[in-house]
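1. The following comprises the amino acid sequence and a computationally predicted model.
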Amino acid sequence: MTRRAFTIIELLLATALAVVLMAGSMKVLAALKADATTDTSATSTATIERTIIDLMQHDLVESRLLGQQQGTITMIGYASIPAAHTDDASRESAGVSHEPVKIEYFVRSMDDRSWLVRRQTRINERSNRNRWSELVCAGVTGIRIERVVPAGVRQDDPMIGTDATPTPDRVRVIVEGDVNLDVKVDVR
């Protein structure tokens, strides 16, 4: 009985064939990744803008008091949404609890990247679980909000003040950074 093993030439040919197949596979994967990145870059910006607008509008509609100070927008009202660890589908099915909350939007830098952060604090609950934060969008360098003054009405200062004042009927939300957003939001 003779035993047959692979010769050096057969092993070299198999290795060369494996290298050629891997190089081809890597090229295909790189092309697929480039296509996916190109396809989602345009829609992701629109999706991010829509997410910011929807979230801000929800919070503004349910807020009763509005103020801003040193880059932080503060809303006090009934805009409570479920905790950040739930996914979007779970959030929508859980609904809004309409409990009094304080909502803050601000920009924080983490790992050499700036982020728009939404923090929600339940006002009537005195526990260590009454506050949670979520990252809304990366690449945001600033956020501010202004009162929209109707045409023909004279008002010296359209800015929302540092003191919490009643939420106006219409505001302008300005987000600066990778996502530049300047949108008017109807609150009432």
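-> Now that the structure is in, tell me what you want to look at. Numbering: from 1, shown residues only.
2. in stretch 114-132, what's buried?
-> Neighbour counts using 16 or more other CB atoms under 10 Å place 114-122 of stretch 114-132 among the buried residues. For every residue, glycine as well, the C-beta is placed using N, CA and C.
3. Could you point out the helix or strand that follows the longest helix along the chain?
-> Secondary structure of the chain read by DSSP state H shows that its longest helix is helix 8-62. Sequence-wise, the next helix or strand downstream of helix 8-62 (DSSP states H and E) is strand 63-69.
4. With just CA atoms, put that following strand into PDB.
-> Taking C-alpha atoms only, strand 63-69 is exported to PDB below (Å, rounded to 0.1, in the frame of the first residue of the first chain):
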ATOM      1  CA  SER A  63     -43.600  71.700  26.400                       C
ATOM      2  CA  ARG A  64     -45.100  74.500  28.400                       C
ATOM      3  CA  LEU A  65     -41.900  76.400  29.300                       C
ATOM      4  CA  LEU A  66     -38.900  77.000  27.100                       C
ATOM      5  CA  GLY A  67     -35.500  78.500  27.700                       C
ATOM      6  CA  GLN A  68     -31.900  78.400  26.500                       C
ATOM      7  CA  GLN A  69     -28.600  79.200  28.200                       C
END
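5. Buried residues in that strand, which are they?
-> Those would be 63, 66-68, for strand 63-69 by 16+ other CB under 10 Å.
6. If we only consider those, which is nearest to residue 24?
-> Set against residue 24, the nearest of the buried residues of strand 63-69 by CB to CB is residue 68 (55.7 Å).
7. Residue 75 is in contact with that closest one, correct?
-> No: with contacts counted by CB atoms under 8 Å, residue 68 stays clear of residue 75, the gap being 9.6 Å.
8. ok so, going back, please render the buried residues of strand 63-69 as TSV that adds distance to residue 13 to the earlier fields.
-> Putting the buried residues of strand 63-69 into TSV (distance: CB to CB, whole Å) gives the following:
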residue	distance to residue 13
63	71
66	73
67	74
68	70
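9. Of all residues in this structure, which one is nearest the centre?
-> Against the mean C-alpha coordinate of the chain, by CA atoms, centre = their mean, the closest residue is residue 136 at 2.4 Å.
10. That residue and residue 114 touch, don't they?
-> No: the pair residue 136 and residue 114 does not pass the contact test of CB under 8 Å, sitting 11.7 Å apart.
11. returning to what we had before: please flag which of the buried residues of stretch 114-132 sit within strands.
-> When strands are assigned by DSSP state E, the members of these inside them are 114-122.
12. Now for this structure, the helix or strand with the poorest mean pLDDT.
-> Across the helices and strands of the chain, the lowest-confidence element by mean pLDDT, DSSP states H and E is helix 88-94, at a mean of 50.
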